[in-house]
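Sequence plus predicted model, see below.
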Amino acid sequence: MNRLHKIKVIFTFFLTILSFCAYSQSNVFKVTLDAGHGDHDFGAVYSGRIEKNIALAIVLKVGKILESSPNVNVIYTRKTDVFIDLVERANIANRANSNIFVSIHCNANKNTAADGTETYVMGLSKVASNLEAAKKENSVITLEKDYKRKYEGFDPNSPESMIGMTLMQEEYLDNSISLASKIEDNFEKLGKKIRQGGVKQAPFMVLHKAYMPRVLVETGFISNPTEGNILNSEEGQDDVAKAIAEAILSYKREYFGSGTSEAMEAKPVKDTSTQPKVTAAPAKPVQKGTFFKVQLIASIKKTPLEPKNFKGLKNVTMIYENNIYKYFYQETSNYETAKKYLEEAKDKGYGAAFLIANRDGEKISIQDAIK
């Protein structure tokens with residue numbers, strides 16, 4: 001009897017340990033950090049300032065800050081000067097089942113006066129400067145063995161060719177924009193110049209293959225002597241790393257809670273009686289039929305729906321959903337008209353704007369709406 005009791009105690013203890021481990025794992029917020037380039041892929045090089053080295057230094061500093069925070073697990077695509085295929089960088093994040101993916105780079109331009117930061121989310125923007133940025137970063141795949149087979153015929157010299165590929169774009173776009181906005185906001189507080197548009201969309205291969213909220217951060221121009229020297233300095237890298245790390249932790253708190261007393265799952269809206277979830281105008285009856293809208297931005301900030309706050313655009317509406325304020329421009333049942341509205345929004349500077357579709361009040365994919 002005594003022996004049976006001991007077995008029960010041991011078994012109970014074993015189950016407790018398993019439960020604790022499972023709970024601990026569920027409480028972990030996983031961040032994959034990707035330092036751009038590496039080894040024979042130097043990235044941009046100007047006057048001794050080397051992108052691969054600066055990106056790695058910043059990533060390691062971001063990781064160190066995050067690792068000192070409770071319930072954060074940092075996964076690195078590289079911690080040393082090695083070359084990692086673009087698709088493998090994304091796969092590292094996918095295998096780890098990471099909550100977010102952050103790829104860190106430095107910018108460069110033949111015009112050495114160019115400066116400022118940009119943070120990109122995955123998208124099919126046709127803005128020439130965005131496509132050029134994607135073309136530059138995607139060209140890395142030509143350094144990989146058998147890249148034409150590996151990337152299904154994708155042409156790095158024509159980022160538009162990604163349009164024909166399957167995208168998991170809409171599913172993660174809102175959260176990606178929110179994370180990117182937090183990073184850019186912190187850069188602005190740091191006193192760094194935010195390039196026009198701030199958060200932008202572009203077809204980066206490394207983002208395309210990562211199935212989670214993901215961003216690519218251009219921390220500044222190493223081709224600019226002043227900004228480049230700051231990025232190449234210990235103090236400059238510390239400041240940038242702190243800005244990025246604090247944005248990631250802010251995102252974690254916003255969408256995943258503190259992680260100390262609840263499972264680390266994206267936070268739903270808990271109390272519908274206290275959380276706004278409709279447009280600022282009185283709720284309208286559900287419209288029957290299929291309609292398109294342009295989503296301008298997703299933000300944690302609430303902004304009055306006045307044209308002056310949206311670069312002159314009128315007919316802007318807002319909903320509050322999953323802890324994010326989403327702002328929309330226009331509404332139409334005609335897809336071609338919707339595309340014109342989208343171009344208007346992009347011309348006004350909303351480079352990350354995109355179309356959404358609803359049928360009988362329920363969100364559907366653009367592809368289904370077109371059908």
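Noted; the coordinates are in hand. Numbering: from 1, shown residues only.

Can you tell me how far the residue nearest to Lys182 when sequence neighbours are not counted is from Ala180?
Using CB to CB, 6 or more residues apart in numbering and skipping the chain neighbours, the partner closest in space to Lys182 is Ala247 (3.8 Å). From N, CA and C alone the C-beta is placed, and that goes for glycine too. According to CB to CB, to the nearest Å, Ala247 and Ala180 sit 9 Å apart.

Just want to know which of those two has more residues nearby.
Shown here are Ala247 and Ala180; by other CB atoms under 10 Å, Ala180 has more neighbours (28 against 25).

Doesn't that one belong to a strand?
No: going by DSSP: H, G, I helix; E, B strand; the rest coil, the assignment for Ala180 is helix, not a strand.

Am I right that it is in contact with Met122?
No: using CB atoms under 8 Å, Ala180 is not in contact with Met122, being 10.5 Å away.

and Ile104, which of the three is it?
Taking three-state DSSP, the label given to Ile104 is strand.

so how many other residues sit close to it?
Neighbours of Ile104 using other CB under 10 Å come to 24.

separation between Ile244 and Ile92?
For Ile244 relative to Ile92 (CB to CB), the value is 19 Å.

And Val28, by the same measure?
Val28 is 16 Å from Ile92, by CB to CB.

between those two, who's got more neighbours?
Each of Val28 and Ile92 has its neighbours counted (other CB under 10 Å); Ile92 has more, 19 against 15.

List the residues that contact that one.
Thr32, Ile75, Thr77, Ile84 (CB atoms under 8 Å, 6 or more residues apart in numbering).

run the last query once more with 10 Å
By CB atoms under 10 Å, 6 or more residues apart in numbering, the contact set of Ile92 is Thr32, Asp34, Ile75, Tyr76, Thr77, Arg78, Ile84, Ser98, Phe101, Ala210.

a helix runs through it, doesn't it?
Yes: the assignment for Ile92 is a helix, going by three-state DSSP.

Show me where the stretch 51-200 of the chain has its helices.
For the stretch 51-200 of the chain, the helices defined by DSSP state H, counting those that start in this stretch cover 51-67, 86-95, 128-138, 147-150, 169-189.

you'd agree Gly312 is in a helix?
No: applying three-state DSSP, one finds Gly312 to be coil, outside a helix.

Backbone dihedrals for the nearest residue to it once chain neighbours are set aside, please?
Distances taken as CB to CB, 6+ apart put Lys348 closest to Gly312, at 6.7 Å, once the chain neighbours are dropped. The phi/psi pair for Lys348 (degrees, to the nearest 10) reads phi -80, psi -10.

go on, Lys293?
Residue torsions, per degrees, to the nearest 10, at Lys293 are phi -130, psi 160.

quick one: contacts for it?
Here Lys293 is in contact with 315, 317, 326, 328-332, 338, 341-342, 354-358 (CB under 10 Å, 6+ apart).

Recalculate using a threshold of 7 Å.
Phe328, Gln330, Glu331, Ile356 (CB atoms under 7 Å, 6 or more residues apart in numbering).

how close does it sit to Ile84?
39 Å.

repeat for Val217
17 Å.
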